[in-house]
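*Asks:* Below is the structure, and that's it, no one-letter string:
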């Protein structure tokens, strides 16, 4: 099976430079990959997420609320 790019960069501990990748974020701590950051297990503040995506903490908060609402609606529709 072909190895996914985030698996490669996590295993090799290298930084991804492919900014066109859908998982790319500006974070050397997570090797520029949001999948690696999500799998890290550490808590991340809304401020840090905003800095990675170059948006405000408030915008991240708005996006979070929209996402939670959509997830709740999806769960209810599956019941």
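*Replies:* Sure thing, it's come through. Just so it is clear, the model here is predicted, and its values are computed rather than measured.

*Asks:* Might you list the low-confidence residue ranges for the protein?
*Replies:* The model of the chain has pLDDT under 70 over residues 1-3, 6, 8-10, 36-39, 41.

*Asks:* by contact count, what packs against the lengthiest helix in the chain?
*Replies:* In terms of residue count, the longest helix belonging to the chain (DSSP state H) is helix 57-78. With contacts defined as 3 or more Cβ pairs under 8 Å, 6 or more residues apart in numbering; DSSP states H and E, helix 57-78 has these neighbours: helix 46-53. Glycine gets a C-beta too; all of them are placed from N, C-alpha and C.

*Asks:* Enumerate the positions of the helix it packs on that are buried.
*Replies:* Neighbour counts over helix 46-53 (16 or more other Cβ atoms under 10 Å) mark 49-52 as buried.

*Asks:* Same question for stretch 60-75.
*Replies:* Buried residues in stretch 60-75, defined by neighbour count with 16+ other Cβ under 10 Å: residue 60.

*Asks:* What lies in contact with it?
*Replies:* Around stretch 60-75, the neighbours that count as contacts under Cβ atoms under 8 Å, 6 or more residues apart in numbering are 46, 49-50, 53.

*Asks:* rerun that using 10 Å as the cut-off
*Replies:* With contact meaning Cβ atoms under 10 Å, 6 or more residues apart in numbering, stretch 60-75 is reached by 45-53, 55-56.

*Asks:* likewise stretch 40-50?
*Replies:* By Cβ under 10 Å, 6+ apart, stretch 40-50 touches 10, 25, 27, 29-30, 34, 37-38, 51-52, 55-61, 63-64.
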